[in-house]
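>>> sequence unknown, structure follows:
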């Protein structure tokens, strides 16, 4: 248990070394949160503008006046702090620094600072926030303060200050995590990397597969040059195929997790790592799938204004006129089939969009957990069903004709139906009343194996 | 006036019974907000992980060390609290529990707790927040803490803690409101229920009406099977009709409210309940209308790739070729009319989308009240006007032809024009200078009947 | 340095004059934040509902019990405050009032209040927040409290209270800024004004230019009435032209700024005012450009269902049938060109949408600065390139034909290509390795001219 009187005393006056952008912004917010503030500066009388209400002193005097110092100085200038080691002994030092690039230095800035002043308690914090966020307080998506350090009392003091400034604290452990924290602001969409790679891989595969089957096959076997189809027809086969597979990959880990839980009879055992990582990128997979589905819609709607399509339609009309005997009659089954195909596709895309909109941060925040899970799970599976059904309608009875299997390879739409069909079948299995019932019980905390253990756990809760 | 010294004392140390997910998360946030924290546990020495900085004691010792206890225990385990009644006498007990289903127990959990320990002051609070929200602090849409209880001092204490944790408090009255609060997390889109029912009703009506007029009429009177039109043509008549009616139902209550205020000569009298409820679901009505309008756009754009449409177009071209006498000539009026029809529709849909985007939580939050009302009112009526005009252009002079009134029933587009036309006419009446002026005065607080009363009200403001 | 003991004493009890909506909402939030609260009222025993936990006194007694008073009274009733001048002497008075219209009074409300009670320290604050926002605490976009006043200690006290209520403070200087603050809630989309004017101007120019070249030219030179094309064809030329120009105007100021920085050799000199203003409305320019691009897409997709288009296509088919000799053969180059044109356009629009989605407040808040700049800069230039390339593909070799230059004027698409081409060329210049390197150095703080000055600046940072 920490000595809270000490904590509260240390909160009263805080000190900032450095009067740059970051130091000024942080200082302003600290003053507005009711703290007394002292700046430490080499030249206290000519240090540039500081927020009204703060004092400026020499580094030595400033360090002595408080027990918590924010070091808002570039790492290159840390060396001067060594001379302040006596004054900083036992103090809490908050390192807020960042580097311009990864791996610029052999050790993390915070660890370097700790090595310079071994008697101080260094905490790494605030480095993921911009000067702008520090001054204006947290916004919804910019509220997380990550901190790490070796001294729990120092971390607690920084956590209380962060909370008072309006931020939310996540403790990342000992100071050895500082490097990781310092790399955070240098990352570019880390959670999109795996889904993007998957997308690129699948897109490349389907592109070359369809290129071979359509364009190259036509050239080799029939001597026709239909390479112009790459721009629209081919793209419009690749996009929906990859989109459908990605959408089903959103739901596959959930199904696998269900089977894991059923098999193990508990929800308290951790999933394997690959499953955890997969589940964490479901949102990204879904959004990329939505983007590709949108392109598919756009490309489909462009079809009737294409030169090639107009040419072919006119040709077919002309040939009907000239060949008086061959008057094609209206085929009601064909009308039902194509109209259903388009209609189901449009509805599926509508649901798809709904899923996308509900995953906008401001919308998903406005939903209760129950509502969010209803949309993402129930509506999600409905979307997957519609899109899969749309693809089956596209295929219809084509799988019966040998001419479709050019060079003995199945058409693209068949390949992209494999995973979604499996996901839907597995999901149906999980929805069987008996399976569903035991899965629900497991998810409510019930454990199959050891009833004594279970009651023990419950009493611990109390 | 509450004794604030007591309040502030009670803030210093708080106690949590239960070290489950919820208890740990709440505790972590309390510690970060500067509170001292004690956990009460049956087995203080083997109770699982607790946040660093907190103490664990027996329930008895923990209860004695503080005046406010958070009960983070499942309702099934409340009975052990009865033995602590002496230690909990006069203390503030915060019940944060939820149930898995509605109506699982005859009385609310908080009322049950109060009955078990009559000497304590029970407050129901925090139950609408997840452990995740408690630990990470509030996000924009997840900041509301509902509380209720019989003791105002206890409620005040919980309100101050909630505010310090970053939440916003809404007092729901005495402890008898606890059941209502406990049902909150179990609800699924409560505010969407009425609009959805309306939508389903209208959709069903228009579907069967048009099915009868189009498909069944053609079968009965002409013996033709055009049932395939259900998938696209019929859907594309139902969607826009329902969408237009829903959009006009968004604006009808505003117009009615205006007439109410004009008639009563004051804005301080409450509207009838049905009008209040109607006004509260305008956003949902509008969003459903937008969804249906989007489907209408999508279905319309699909038209030219439909098999049926291509077949018919080819047929008309062929018949023109064969029947050399009947060369149709270009009809400029027809071109003007159809192009205007499409253009107005596209612009209307653009405005529609704008309204939808501006009702996204993060966008509407960024607007000032004046800006939001400009978009939702001015642009809203413009959208309604465009969409209604679009439908009138669709109708054009068809209403003159008897053949349109199959089985003496008006076409669907006429039915869906009734409400929007009325809304626009009423709105125009309200915009007449003389009417507008008195309505504005009423909305600025002026009252028609009793000038003395009015001045009295104003002096009370001071 | 302020006397903090005085600040903290003044925080304990605060007073509100006025028990209207605003006074009640503010009071409730103050109570929930742990303040003691006294209302001042003319008739303390019959003043209507006040939040539980607050006291009501006469104005005199209330004023004496605290050192900070919120004046929640309409300006018309300020005169009664004059009689309280002795009790309010030396107190902090917070003016939260607004007016119904701009320029209703010769001086700002806060300045009028200061004139009435010269001995008090008036601070203007909170007037941009609604009663609703005050009661419910800040939401993401509604968190900013602007304040101004002549006494720094008074401003600091109000700032600390605002921060404790959860708001973010922006100091706007002395009390003479009060008028500006009071005008804030009366403004309607101030940052959209310049972009909207530009849009209207460009749209009008392109409309009349194309009207002259297309419709009037056809009428004058060929005697044909093609005025019906205004609704769709003409609009579908105006929208993309203006959209492309607006998109390029988003990126032009960044390029100009780059050249400025290169020329001056420093990033610390301010840009000229016009450039600053231009850069501040880039987001608005981009969003309008996106709206126009969306209309362009919609209008393009409508093309095949237009009466005029169907008539012309049928006519061309019929003429091919009749004129047996002239059988048009398939043109692969044409197919490649048009398909590329559509495909590039669709991809460009997809990127455009991505830019638009990432500028939604909740999405852009969720991105780190690095990610946001990646999307808006890298993806932005890619979008501009795609859209410009799309327009070049549209033009193809048309610029070679004299018939395109009706009345010696260039076609519209040529005009709208000028600015985007320039922006892309300039950007390419800035991306040349040597130029890029020195620009990066400048943007990291390096200055060309005076190396001593530079090192001095760095040491000041410490």
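Yep, that arrived. Everything numeric here is computed off the predicted structure, so don't read it as measured data.
>>> okay, CA-based contacts and neighbour counts for the rest of this
Will do.
>>> ok, which stretches of the stretch 51-200 of chain A are strands?
A:55-57, A:68-71, A:92-95, A:121-124, A:144-149, A:168-171 (DSSP state E, counting those that start in this stretch).
>>> Next, format those strands as CSV and append distance to residue A:84, mean pLDDT and mean neighbour count.
Putting the strands of the stretch 51-200 of chain A into CSV (distance: least, Cα to Cα, whole Å; pLDDT from 0 to 100; neighbours: other Cα atoms under 10 Å in any protein chain shown) gives the following:
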stretch, distance to residue A:84, mean pLDDT, mean neighbour count
strand A:55-57, 14, 90, 20
strand A:68-71, 12, 93, 26
strand A:92-95, 12, 94, 26
strand A:121-124, 14, 95, 30
strand A:144-149, 20, 90, 24
strand A:168-171, 28, 85, 20
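>>> The helix or strand encompassing residue A:210 - contacts with which helices or strands?
If you go by DSSP states H and E, residue A:210 is part of helix A:193-210. If contacts are counted by 3 or more Cα pairs under 8 Å, 6 or more residues apart in numbering or on different chains; DSSP states H and E, helix A:193-210 sits against helix A:235-264, helix A:282-302, helix A:412-431.
>>> Would you map the helices across the stretch 351-462 of chain A?
Ranges of helices in the stretch 351-462 of chain A, per DSSP state H, counting those that start in this stretch, are A:361-366, A:369-373, A:380-395, A:412-431, A:433-443, A:451-461.
>>> Equivalent analysis for the stretch 51-200 of chain A, please.
Per DSSP H, counting those that start in this stretch, the stretch 51-200 of chain A carries helices over the ranges A:59-64, A:85-88, A:109-116, A:131-136, A:152-164, A:178-183, A:193-210.
>>> Mean neighbour count, the ones you listed: which tops it?
With neighbours taken as mean count of other Cα atoms under 10 Å in any protein chain shown, those reach their highest mean count in helix A:152-164, at a mean of 23.
>>> Following element in sequence after the helix holding residue A:210, please.
Counting by DSSP H and E, the next helix or strand C-terminal to helix A:193-210 is helix A:217-222.
>>> Do that next one and chain C come into contact?
No. Interface with chain C: helix A:217-222 contributes nothing (Cα under 8 Å from any Cα of the partner chain), its closest point being 14.0 Å away.
>>> Which positions within that helix qualify as buried?
Buried positions in helix A:217-222, judged by neighbour count with 16 or more other Cα atoms under 10 Å in any protein chain shown: A:217, A:218.
>>> Run the chain-centre distance for that helix.
Distance of helix A:217-222 from the chain centroid (Cα atoms, centre = their mean, to the nearest Å) equals 44 Å.
>>> Now do the residue in the stretch 101-250 of chain A that chain B sits nearest to against residue A:170, distance only.
As assessed by Cα to the nearest Cα, chain B sits closest to residue A:160 within the stretch 101-250 of chain A, at 4.7 Å. Per Cα to Cα, to the nearest Å, residue A:160 is found 12 Å from residue A:170.
>>> again with residue A:336
Remark: distance between residue A:336 and residue A:170 (Cα to Cα) = 57 Å.
>>> Let me know the angle separating the helix holding residue A:210 from helix A:282-302.
Helix A:193-210 runs at 40 degrees relative to helix A:282-302, counting by axes from the mean of the first three to the mean of the last three Cα atoms, to 10 degrees.
>>> and the residue of the stretch 101-250 of chain A closest to chain B, what is it in contact with?
B:31, B:32, B:33, B:34 (Cα atoms under 8 Å, 6 or more residues apart in numbering or on different chains).
>>> and after the lowest-mean-pLDDT helix or strand in chain A, which helix or strand comes next?
In chain A, no helix or strand scores lower on mean pLDDT, DSSP states H and E than helix A:4-12, which sits at a mean of 44. As assigned by DSSP H and E, the chain's next helix or strand after helix A:4-12 is strand A:13-17.
>>> For that following strand, give me every contacting residue.
Under Cα under 8 Å, 6+ apart, the answer for strand A:13-17 is A:23, A:27, A:35-41, A:59, A:62-63, A:65-73, C:462.
>>> Same check on stretch A:126-138?
Residues from elsewhere that reach stretch A:126-138 (Cα under 8 Å, 6+ apart): A:21-22, A:25-26, A:28-29, A:95-98, A:139, A:142-143, A:145-147, A:165-167, A:181-182, A:184-185, C:168-169.
>>> and that stretch, how far from the chain's centre?
The chain centroid and the centroid of stretch A:126-138 are separated by 22 Å under Cα atoms, centre = their mean.
>>> got it, and stretch A:354-368?
Put simply, stretch A:354-368 sits 14 Å off its chain's centre (Cα atoms, centre = their mean).
>>> Contacts only, for residue A:183.
Residue A:183 makes contact with residue A:102, according to Cα under 8 Å, 6+ apart.
>>> switch to 10 Å and redo it
By Cα atoms under 10 Å, 6 or more residues apart in numbering or on different chains, the contact set of residue A:183 is A:98, A:99, A:100, A:101, A:102, A:103, A:108, A:127, A:128.
>>> so when I look at residue A:38, I'm seeing a helix, right?
No. In this structure, residue A:38 is strand, not part of a helix, as judged by DSSP: H, G, I helix; E, B strand; the rest coil.
>>> ok, what's across the strand from it?
Beta-bridge pairing for residue A:38 (DSSP bridges): residue A:15, residue A:55.
>>> which residues are contacting stretch A:351-358?
Counting by Cα under 10 Å, 6+ apart, A:247, A:283, A:286-291, A:293-294, A:345-350, A:359, A:363-367, A:372, A:375-377, A:379-380, A:382-384, A:386-387, B:291, B:360 sit against stretch A:351-358.
>>> Look at the residue most central in space within chain A and report its pLDDT.
The residue lying closest to the centre of chain A (Cα atoms, centre = their mean) is residue A:191, at 4.6 Å. At residue A:191, the pLDDT value in this model is 88.
>>> what do you get for residue A:97?
Looking at residue A:97, the pLDDT reads 90.
>>> any low-confidence regions in chain A?
A:1-11, A:137-142, A:324-327, A:449-462 (pLDDT under 70).
>>> count of residues packed around the closest residue to residue A:42 other than its chain neighbours?
In space, and not counting its chain neighbours, residue A:42 is closest to residue A:58: 5.9 Å by Cα to Cα, 6 or more residues apart in numbering or on different chains. Per other Cα atoms under 10 Å in any protein chain shown, the neighbour tally for residue A:58 reads 16.
>>> just residue A:380 next, same as before
The tally of other residues near residue A:380 (other Cα under 10 Å) stands at 22.
>>> In contact with it, which residues?
Counted by Cα under 10 Å, 6+ apart, residue A:380 has contacts A:247, A:248, A:250, A:251, A:286, A:351, A:352, A:354, A:355, A:373, A:374, A:386.
>>> again, only this time at 8 Å
A:351, A:352, A:355.
>>> how about the residues you listed in TSV, adding neighbour count?
Converted to TSV, the contacts of residue A:380 look like this (neighbours: other Cα atoms under 10 Å in any protein chain shown):
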residue	neighbour count
A:351	21
A:352	27
A:355	22
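>>> Now do the buried residues in stretch A:12-30.
Of all the residues in stretch A:12-30, those buried under the rule 16+ other Cα under 10 Å are A:13-30.
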